[in-house]
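S.K.: I would like the atomic coordinates for the input below:
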Amino acid sequence: MPSDVGSAGDVAAGDVTGLLRDDPTEVTVTSSEVVFTGAVWNIVRDAFDYGGSSIRREYVDHTGAVAILVQDARGRVLLIKQYRHPIRARDWELPAGLLDIPGEETLVAAKRELAEEADLEASTWEHLVTFNTTPGGSDEKLVVFHATEVRATAEAFAREAEEADIEVRWVPLDEIVEAILDGRLHNSILCIAALALHAKQR
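M.R.: Prediction:
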C-alpha cells in the first residue's frame, strides 16, 4: 500500500504529503496527581480534554535516559548482560542510565554512564537516535549516542546490586542484527540502536 494512503481513511491521516514526523499536540490537563511514589520513578494520573471528551490516563513519570552504542577499532559493539527483574531475565543491553541529575546534559550523562557501567571513555561521540520507549504508558525519552575511539578509564567503577555481576562482550554489528531478527535479543534500546546504526552504515 502506498505510504500516503491511510488504512482508516483520511480522517486521522493529517498531512499525508508532508515530511513524515510526529506531531506534538497540546491538550488541556484538567487535573494531575501522583498516585504512586516509587524508588526510581512515580506513577501519575492525568485528566485531560481531547476530541471533545474528558480522558483519564495513568503513566510512568520518567526522568528520561541515555544509552551508548560503543564500537571499538574493529567495529565490534560493546554489549553488557545484566539481570532485569520485571522480565525475570539477564538480557543483553547497551550501557545506559537515567537522566537523574538535574540539569545534566544528555552527552555528559552518556559519558558518565559509559564509565560507570563499562569502565570506558571515548574520544568521538555522535547522536545516533532518539525515541520514546513506551508512549502508551510512559513519558520516557531515550537518547542514544554512538561512541568510538574508546579506551579504559583510569580506575574501575565499583558496581553493586544488579550491576555487580555484569557480563561484557564485544560483538560484530552484523551478528547483533542477525540475533535481533532471529528473535534471540529483545532489549528495545539495543534493537533500535543496532538497527539504526546498521542502516546508517550500509
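S.K.: how much space separates the spatially closest residue to residue 139 that is not a sequence neighbour from residue 114?
M.R.: Leaving aside its sequence neighbours, residue 139 sits nearest to residue 62 (Cβ to Cβ, 6 or more residues apart in numbering; 5.5 Å). For the C-beta atoms, the positions are set from N, CA and C on the backbone; glycine is no exception. Distance, residue 62 to residue 114, using Cβ to Cβ, to the nearest Å: 21 Å.
S.K.: when the two are compared, which one has more neighbours?
M.R.: residue 114 (27 against 20; other Cβ atoms under 10 Å).
S.K.: can you pull the contacts of the most centrally placed residue in the chain?
M.R.: What sits nearest the mean C-alpha location of the chain, by Cα atoms, centre = their mean, is residue 142, with 3.6 Å. Counting by Cβ atoms under 8 Å, 6 or more residues apart in numbering, residue 142 touches 64-67, 96, 130-133, 189.
S.K.: do residue 183 as well
M.R.: Counted by Cβ under 8 Å, 6+ apart, residue 183 has zero contacts.
S.K.: so which strand or helix has it?
M.R.: Using DSSP states H and E, residue 183 is not contained in any helix or strand.
S.K.: now do residue 34
M.R.: strand 28-36.
S.K.: what strands flank that strand, and is each parallel or antiparallel?
M.R.: strand 42-50 (antiparallel) (DSSP bridges).
S.K.: immediately after the partner strand, which helix or strand?
M.R.: Criterion used, DSSP H and E; the element after strand 42-50 is strand 53-61.
S.K.: tell me the helices and strands packed up against the host helix or strand of residue 77.
M.R.: Element membership for residue 77, per DSSP H and E: strand 76-84. In terms of contacts (3 or more Cβ pairs under 8 Å, 6 or more residues apart in numbering; DSSP states H and E), strand 76-84 is packed against strand 65-70, strand 89-93, helix 106-118, strand 167-172, helix 173-181.
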